[in-house]
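K.L.:
Turn this into a structure:
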Amino acid sequence: MTAAGTALARVLPATRWRRHAFSWWWGPASLLLAVFTWPVSTLSAAGQDGYWPVGLHMAAAQGLRAGRDVVFTYGPLGFLAFPLLVTPATAVASFVFMAVAHAGLVAVVLLAVRRRLPWAAALVVAGAAGLAPVPPADVPVLLVLAGCVHVLDEDEHRGGPLVVALAGAVSGFELLVKLNDGLVCLLLAALAVWRLRPHRLRAELLLGASFAVSLAAFWRLTGAALGDLPRSLRLSAHLLVSYSQGMGLAGAGETLGTGVAVLCVLVALALAASRGLGRERGSAFALAFAVLGFAFFKEGFVRADRAHTEVFFGLIAVSALLLGRSTLFVRTTALLLAAAALEQCGPQRHFAAGSLAVVALWTVVRALWPARPLHGWLAAATGLLVLVLVVPPFELPRPSARSPLAQLRDVTSTERRAAQIAAARAAVRAQAPLPTAVLHALRGHTVDVEPFGATLAWAYGLDWHPEPLLESYVAYDSTLDRFAAHALTVAGPDRILLRPDVSIDGQEPRWEAPALVLAEMCNYRSVAEGGGFTVLARAADRCAAPRHVSSTAAADDRWVHVPHAPPGELVYASIHVDARILDRLRSLVLRPRGLRIDTASRSFALVPGTASDPLVMTGVRRFRLHGAAARIDFFAIHES
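P.N.:
The predicted structure follows:
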């Protein structure tokens, strides 16, 4: 109990309430901190044109079956990680998940640090953690890490089968929210549950059984058939393995160096904190932080844009705060590491980073002069004063533009919810107006909108029937591309609304998912145009079997001429890139070397995993590759 709590306890009667009241102060404190640091500024989907989380909400609301109707980097429960007013049921569920995740994160950090810091410093640290840019989907990973640290850090732990089963259930649930996070949760739990009853192998088997049963149960709750689960897991594994080559985005070199340094310091601190735990516990403790840090590093730097790197630094900051009992040096360095990581998360986190630095200063001064606590408080007060004077007022932490209580009323009130959804839809329609002829061609039919079209389908109330990858650019490898093409050929929507030429990361739109694009060309025909939009209607397959035209070897930077296509035929290229061990290692550690293709007028990024699929060459007379040597086969298809 803190000094303030002890003083207050002297004047209270010696009751059971008094014995427990001060041990539960962290509960109300966590709720207040969660409200003050609430990260959601708006629940509106307006202004989110092309925002795929809207598609996750729609897929859940429409009962689209994961593994058959929808395959994506997020699972069938992925909509929970994005609190948006898209449909009534999913809005409520996602808001509740967000509230529980954020309050849970603040509470876990507060519980972790209150054992080694006074209550005032613990509140500052927990508040800084609440301000870290941690996505809701990643919060369960941090909660499992906290549990893992607690189990491994304690000399004796009384947890039993119920705790082991709960860890398996959380991992199974998280797998259906976000695949890679679910796997990390399971691995972290496996590193710790051997210490719990029934101990060692039996505990690990119980964890695996709980994970499997929970995964199947949550899967059925989403409305999907158990028979679709193996296919969903197989395709999700392809998404996970090929993500680096499909979504790799080079850049942010100096930030990458900082990220590597921060990761190395975190692992070094975990190794230092594991000293004295014994060989088994210490190895598991350090390995948990190494696994977590590497997973977050991949999440942050495969796509080296600002949003992803800030998430990495925010996750590392919170992970550092969860280090267990340790020496003064480790505790202080962990606070400084968290401060340095938050400093990389933008101006709005400067005050939080500075607050952690002040707590670190107070910790050192308090340890140097334990008999004079006033020295520590004076140092802390001086540090806070300097921080307030240095940080501009607009960078100071403040409640969100719309408080969680107001957002709660928006979500739970039927009238307010309906009004906000209607207003958001109207705003999206105003941003992307569809001509009358286009709308007339879509009404009364199942519709897919490509690319980035879920928000548009929602705003216009279209009968949305997406191709199963939800977004075509998710075809990271040939297996995913051909799966989407087959699904479109066999059971595609009645209409496809093509938006004006847009693509991701400088790719040629026709080459993002080559097999899917060819399936569209063969099985659909244009029936309406306007405002830059094109409506395709389903028709009989008009493409004959492809015939081989020629082959050639393409060296790096050498121009390749495309064979001439006679009238009524189209030519496509299949590029077989020479796979090198070094590229595979680069992909495992971070991302493979970029592959680009130049035409006579433009240069495009090319995904190596789908380069061997049919790259339609209409309008291209010659091209050259940058980044790899390859064998190129040309084929021609007759169109009736």
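K.L.:
mind listing the strands for this protein?
P.N.:
In the chain, the segments counted as strands under DSSP state E are 446-450, 463-464, 495-498, 524-530, 533-538, 547-554, 560-561, 569-577, 596-598, 603-605, 615-616, 622-626, 630-638.
K.L.:
Next, the buried residues of the fourth one.
P.N.:
Read it as strand 524-530. Y524, V527, A528 (16 or more other Cβ atoms under 10 Å). Quick note: C-beta positions are derived from backbone N, CA and C, even for glycine.
K.L.:
of the residues you listed, closest to G78?
P.N.:
Among these, Y524 lies closest to G78 (Cβ to Cβ), at 28.6 Å.
K.L.:
how much distance is there from the longest helix seen in the chain to the middle of the chain?
P.N.:
If you go by DSSP state H, the chain has its longest helix at helix 88-114. Centre-to-centre, helix 88-114 and its host chain are 16 Å apart (Cα atoms, centre = their mean, to the nearest Å).
K.L.:
for the record, mean pLDDT for that helix?
P.N.:
Across helix 88-114, the average pLDDT comes to 96.
K.L.:
Please name the nearest non-neighbouring residue to L142.
P.N.:
V318 (5.6 Å; Cβ to Cβ, 6 or more residues apart in numbering).
K.L.:
now V428
P.N.:
Nearest one to V428, counting by Cβ to Cβ, 6+ apart, is A459 at 3.6 Å.
K.L.:
tally of neighbours for that neighbour?
P.N.:
Burial of A459, expressed as a neighbour count using other Cβ atoms under 10 Å, amounts to 23.
K.L.:
ok, now the one 5 residues further on?
P.N.:
The burial metric for W464, expressed as a neighbour count using other Cβ under 10 Å, is 22.
K.L.:
That one: what's it in contact with?
P.N.:
Counting by Cβ atoms under 8 Å, 6 or more residues apart in numbering, W464 touches M58, Q62, T446, V447, D448, V449, A454, A457, W458.
K.L.:
ok, now H576?
P.N.:
A611, S612, A630, R631, I632, D633.
K.L.:
Wait, the last one touches V571, no?
P.N.:
No - checked against Cβ atoms under 8 Å, the pair D633 and V571 is beyond contact range at 11.0 Å.
K.L.:
Out of these two, name the residue with the larger neighbour count.
P.N.:
The neighbour comparison of D633 against V571 (other Cβ under 10 Å) goes to V571, with 22 against 16.
K.L.:
Roughly how far does S232 sit from L239?
P.N.:
Distance, S232 to L239, by Cβ to Cβ, to the nearest Å: 10 Å.
K.L.:
Find the residues that touch each one of the two.
P.N.:
Joint contacts of S232 and L239 (Cβ under 8 Å, 6+ apart) are V71.
K.L.:
measure H150 to A288 for me?
P.N.:
As for H150, its distance to A288 is 11 Å (criterion: Cβ to Cβ).
K.L.:
Check P39 too.
P.N.:
26 Å.
K.L.:
which of the two has more neighbours?
P.N.:
When neighbours are counted by other Cβ under 10 Å, A288 comes out ahead of the other of P39 and A288, with 25 against 17.
K.L.:
The more buried one and V193, how far apart?
P.N.:
12 Å.
K.L.:
Go ahead and flag the most central residue of this protein.
P.N.:
A137 (6.3 Å; Cα atoms, centre = their mean).
K.L.:
mind listing what that residue touches?
P.N.:
With Cβ under 8 Å, 6+ apart, A137 has these contacts: Y74, G78, L80, A81, V177, K178, D181.
K.L.:
what's the farthest-apart pair in these?
P.N.:
The distance between the two most remote of the contacts of A137 (Cβ to Cβ) is 12.1 Å, for L80 and D181.
K.L.:
from the contacts of A137, which is closest to L480?
P.N.:
L480 lies nearest to Y74 out of those, by Cβ to Cβ, at 14.9 Å.
K.L.:
separation between the closest one and L187?
P.N.:
Counting by Cβ to Cβ, the separation of Y74 from L187 is 19 Å.
K.L.:
These two: which has the busier surroundings?
P.N.:
Y74 (26 against 17).
K.L.:
Show the pLDDT at the closest residue to A553 other than its chain neighbours.
P.N.:
Nearest in space to A553, with sequence neighbours left out and distances taken as Cβ to Cβ, 6+ apart, is R631 at 5.7 Å. For R631, the pLDDT comes out at 92.
K.L.:
Could you list the buried residues of the longest helix of the chain?
P.N.:
Buried, per 16+ other Cβ under 10 Å, within helix 88-114: 90-95, 97-99, 101-114.
K.L.:
Residues touching stretch 555-562, excluding its own?
P.N.:
By Cβ under 8 Å, 6+ apart, stretch 555-562 touches 552, 554, 571, 573, 617, 620-629, 632, 634.
K.L.:
Can you flag the buried ones in the residues you listed?
P.N.:
Buried members of these, scored by 16+ other Cβ under 10 Å, are A554, V571, A573, M617, V620, F623, R624, L625, G627, A628, I632, F634.
K.L.:
Tell me the one of those residues nearest D477?
P.N.:
Nearest member of these to D477, counting by Cβ to Cβ, is A628, at 15.8 Å.
K.L.:
Hmm, I575 and the closest one touching each other?
P.N.:
No - in this structure A628 lies outside contact range of I575 using Cβ under 8 Å: 9.0 Å.
K.L.:
Can I get stretch 602-616 as PDB, trimmed to CA atoms?
P.N.:
C-alpha atoms of stretch 602-616 as PDB (Å, rounded to 0.1, in the frame of the first residue of the first chain):
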ATOM      1  CA  ARG A 602       5.500   4.500 -67.300                       C
ATOM      2  CA  SER A 603       7.200   2.400 -64.600                       C
ATOM      3  CA  PHE A 604       5.200   0.100 -62.300                       C
ATOM      4  CA  ALA A 605       5.800  -2.000 -59.200                       C
ATOM      5  CA  LEU A 606       5.300  -5.700 -59.900                       C
ATOM      6  CA  VAL A 607       4.500  -8.300 -57.200                       C
ATOM      7  CA  PRO A 608       6.900 -11.300 -57.800                       C
ATOM      8  CA  GLY A 609       4.300 -13.800 -56.500                       C
ATOM      9  CA  THR A 610       1.800 -13.100 -59.200                       C
ATOM     10  CA  ALA A 611       4.200 -12.200 -62.000                       C
ATOM     11  CA  SER A 612       3.800 -15.700 -63.500                       C
ATOM     12  CA  ASP A 613       0.000 -15.200 -63.800                       C
ATOM     13  CA  PRO A 614      -1.500 -13.800 -67.000                       C
ATOM     14  CA  LEU A 615      -0.300 -10.100 -67.300                       C
ATOM     15  CA  VAL A 616      -2.500  -8.700 -70.000                       C
END
